[in-house]
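> all I have is the shape, not the residue letters:
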């Protein structure tokens with residue numbers, strides 16, 4: 001893997017970027033929800049040992065979530081039990097792709 005300045009990214013760098021993107025996606029949904037443009041239940045759930053699950057129930061696609069370090073959980077995100085619907089990582093990725101309008105993902 002490489003980044004924009006030609007140096008390789010470590011696995012930790014890749015995961016950190018992924019974690020920030022997950023939180024950014026939730027922030028965008030949070031802002032849309034706050035302005036009554038969509039109704040998106042979301043929150044975070046402590047998962048022990050310095051981890052939390054940040055999650056959202058997408059309006060048409062269903063629940064999605066990501067494990068992230070607790071220090072990355074934003075203050076605006078409420079602690080709420082997601083009532084996990086049993087999705088797999090593949091199912092979550094399919095739901096995200098559908099919500100994003102990405103075909104073939």
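Noted; the coordinates are in hand. Just so it is clear, the model here is predicted, and its values are computed rather than measured. Residues are numbered from 1 along each chain as shown.

> for stretch 21-31, which positions count as buried?
22, 23, 25, 26, 29, 30 (16 or more other Cβ atoms under 10 Å). Heads up, the C-betas are built off the backbone N, CA and C, glycines and all.

> which of those sits closest to residue 101?
The closest of the buried residues of stretch 21-31 to residue 101 turns out to be residue 25 (Cβ to Cβ; 13.7 Å).

> quick one: which of the buried residues of stretch 21-31 sit in helices?
22, 23, 25, 26, 29, 30 (DSSP state H).

> what are the contacting residues of the helix or strand residue 90 falls within?
Assigned by DSSP states H and E, residue 90 belongs to helix 89-100. Under the criterion Cβ atoms under 8 Å, 6 or more residues apart in numbering, residues 58, 60, 61, 62, 63, 64, 65, 87, 103, 105 lie in contact with helix 89-100.

> looking at the residues you listed, which are in strands?
Using DSSP state E, the subset of those located in strands is 58, 62, 63, 64, 65.

> out of those, flag the one nearest to residue 43.
For these, with residue 43 as the reference and Cβ to Cβ as the criterion, the closest is residue 65, at 9.6 Å.

> what sits closest to that closest one if chain neighbours are left out?
With sequence-adjacent residues excluded and distances taken as Cβ to Cβ, 6 or more residues apart in numbering, residue 65 is closest to residue 55, at 3.4 Å.
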